[in-house]
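Enquirer: next come a sequence and a model predicted from it.
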Number of protein chains: 2
Amino acid sequence: MDVKTVCLGMLTDGPASGYDMKKCFESSFGHFFPAGYGSIYPALATLARNGMVEFEEVPQEGKPDRKVYTITEKGRKELMQGLSNPQPTHRVRSEFLAMMCFAHLMTEEQVNLVIDNKLLEIENFLKLFEKPLCNQCSSMPNGARFVAGFGQFVASSLKGYIEENREMLTSSGAEKVKVAVGQ
Amino acid sequence: MDVKTVCLGMLTDGPASGYDMKKCFESSFGHFFPAGYGSIYPALATLARNGMVEFEEVPQEGKPDRKVYTITEKGRKELMQGLSNPQPTHRVRSEFLAMMCFAHLMTEEQVNLVIDNKLLEIENFLKLFEKPLCNQCSSMPNGARFVAGFGQFVASSLKGYIEENREMLTSSGAEKVKVAVGQ
DNA sequence: CTTTTATATATCAAACTGATAGTATGCATC
DNA sequence: GATGCATACTATCAGTTTGATATATAAAAG
């Protein structure tokens, strides 16, 4: 299950260009499966070379040609193959958590800044769900609703955990008391 | 903040070999910052080349020599530099969620198998916290306790969300009803 | 009038992933 | 008694991904 498979999946919704797909990654997929041009374009090139997709070059005025990709029958089979893995991964790579492991090497100001920024980031993410948006909330496939709900739920859990435990990372009560008692 | 920085951080706890660090990644760091030999050994080689670490080759009986790395003063400065980024990332890459977006292209059996496996995986992960382990729970730096608690909290949140919403992904009541009414 | 944003393509160095390889001991399974 | 597997240690490699950059034009923002 790499970027190629996700691109094939996106194309089951209708033809699209690499640029369209990038926007789709940015707005939704990218929150749990990031991809940039550097992986999308090579993926599409490989898929085309292997007959999984076909493309039509659509000329435009004043803009580069659009390459509009369509999934083929072979591509659909490949997609089903990709969806047949019974143990898909779910990986986190967090500079944030790695950094917090070394909080004792940082100043209190540094730690607080990092945490405040992270909370802001999470709050901004949660705002995406408040809007009357979900352009097609009702028309959204169940899978997409499950995943969106997942993201919202995890984000608000995170926020709660960080808020309730952040003092663990800074001059914790315990340590301050010890110092006071020691003197 | 790449593997090099995390290696430097690990070395502030005392000298270690690449193999030791791999075990450390496997047992703890890897849950939120994965790294394999393919990134650890090149990272250590680069760090040594740039004077961030020094190493001593310790011969052993019947086993390959251990290369025991120690952080240098220059390495400590580099680490502080790495810890000074006020906006560390926290990224998820989830084949699981991507797959669930395409649940409507899968059979109900496939979806159920994937979800059952994922729940088992989460339960196994949660078992790591039940043990009287945390070899040094009390001696653990606060940062590590914060991060461990974070992992435990997120995992149990995930479990709850999946259990409560999984029926959204399979032949949902709603759709079954619609079919029945339509006939 | 200049900078930014949007539309569209594409590439590249550096980093990372997952697998493989080599070498030696011990331990269990057949 | 042999075969395979786990542990201990190093290391590399092909394929992917990341993040930045390049190219080109037009419209909107400042």
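Expert: In hand now; what should we look at? Model, not experiment: these values are computed from the prediction.
Enquirer: just give me the neighbour total for the nearest residue to residue A:147 once chain neighbours are set aside.
Expert: Closest residue in space to residue A:147, ignoring its immediate chain neighbours: residue B:97 at 5.0 Å, by Cβ to Cβ, 6 or more residues apart in numbering or on different chains. In short, each C-beta sits where N, CA and C put it, glycine included. Close neighbours of residue B:97, defined as other Cβ atoms under 10 Å in any protein chain shown, add up to 21.
Enquirer: and the helix or strand hosting residue B:97, what does it pack against?
Expert: Per DSSP states H and E, residue B:97 falls inside helix B:95-101. For helix B:95-101, the packing partners by 3 or more Cβ pairs under 8 Å, 6 or more residues apart in numbering or on different chains; DSSP states H and E come out as helix A:3-11, strand A:90-94, helix A:142-165, helix B:108-130.
Enquirer: and DNA strand C, which of those is closest to it?
Expert: Among the helices and strands packed on helix B:95-101, strand A:90-94 comes nearest to DNA strand C, with 6.2 Å by Cβ to the nearest atom of the strand.
Enquirer: near DNA strand D at all, the closest one?
Expert: No. Applying Cβ under 7 Å from any atom of the strand, one finds strand A:90-94 separated from DNA strand D by no less than 8.7 Å.
Enquirer: how about stretch A:97-110?
Expert: No. Judged by Cβ under 7 Å from any atom of the strand, stretch A:97-110 and DNA strand D are separated, with a smallest distance of 13.7 Å.
Enquirer: could you identify which of the helices and strands packed on helix B:95-101 is most buried?
Expert: Of all the helices and strands packed on helix B:95-101, helix A:3-11 has the most neighbours on average by mean count of other Cβ atoms under 10 Å in any protein chain shown, namely a mean of 23.
Enquirer: and that helix with DNA strand C, contact?
Expert: No. Judged by Cβ under 7 Å from any atom of the strand, helix A:3-11 makes no contact with DNA strand C; its nearest approach is 12.0 Å.
Enquirer: residues in contact with that helix: which ones?
Expert: For helix A:3-11, contacts defined as Cβ atoms under 8 Å, 6 or more residues apart in numbering or on different chains pick out A:16, A:21, A:24, A:29, A:33, A:35, A:39-40, A:43-44, A:46-47, A:52-53, A:69-71, A:75-76, A:78-79, A:82-83, B:98, B:101-102, B:105.
Enquirer: if you set the cut-off to 6 Å instead, what comes out?
Expert: A:21, A:24, A:33, A:35, A:39, A:43, A:47, A:71, A:75, A:79, A:82, B:98, B:102 (Cβ atoms under 6 Å, 6 or more residues apart in numbering or on different chains).
Enquirer: save those as CSV, and put in neighbour count, pLDDT and distance to residue B:146 too.
Expert: Listed next are the contacts of helix A:3-11 as CSV, based on neighbours: other Cβ atoms under 10 Å in any protein chain shown; pLDDT from 0 to 100; distance: Cβ to Cβ, whole Å:
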residue, neighbour count, pLDDT, distance to residue B:146
A:21, 23, 96, 37
A:24, 18, 95, 35
A:33, 23, 97, 27
A:35, 20, 97, 31
A:39, 17, 96, 33
A:43, 22, 96, 37
A:47, 25, 96, 43
A:71, 23, 97, 45
A:75, 23, 95, 45
A:79, 22, 96, 41
A:82, 20, 95, 37
B:98, 25, 97, 29
B:102, 23, 96, 36
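Enquirer: so where is chain A shaky, pLDDT-wise?
Expert: Across chain A, the ranges flagged by pLDDT under 70 are A:62, A:131-139, A:172-183.
Enquirer: tell me, what residue is most central in it?
Expert: Computing the C-alpha centroid of chain A and ranking residues by Cα atoms, centre = their mean puts residue A:31 first, at 1.7 Å.
Enquirer: what about that residue, distance to residue B:68?
Expert: From residue A:31 across to residue B:68, the span is 41 Å (Cβ to Cβ, to the nearest Å).
Enquirer: just checking, the residue nearest to residue A:147 touches residue A:146?
Expert: No. Applying Cβ atoms under 6 Å as the test, residue B:97 and residue A:146 come out as separate, 8.6 Å apart.
Enquirer: report the contact partners of the nearest residue to residue A:56 once chain neighbours are set aside.
Expert: Leaving out its chain neighbours, the residue that sits closest to residue A:56 by Cβ to Cβ, 6+ apart is residue A:68, at 5.1 Å. Going by Cβ under 6 Å, 6+ apart, residue A:68 touches A:15, A:17, A:56, A:58.
Enquirer: perfect, I'm done here.
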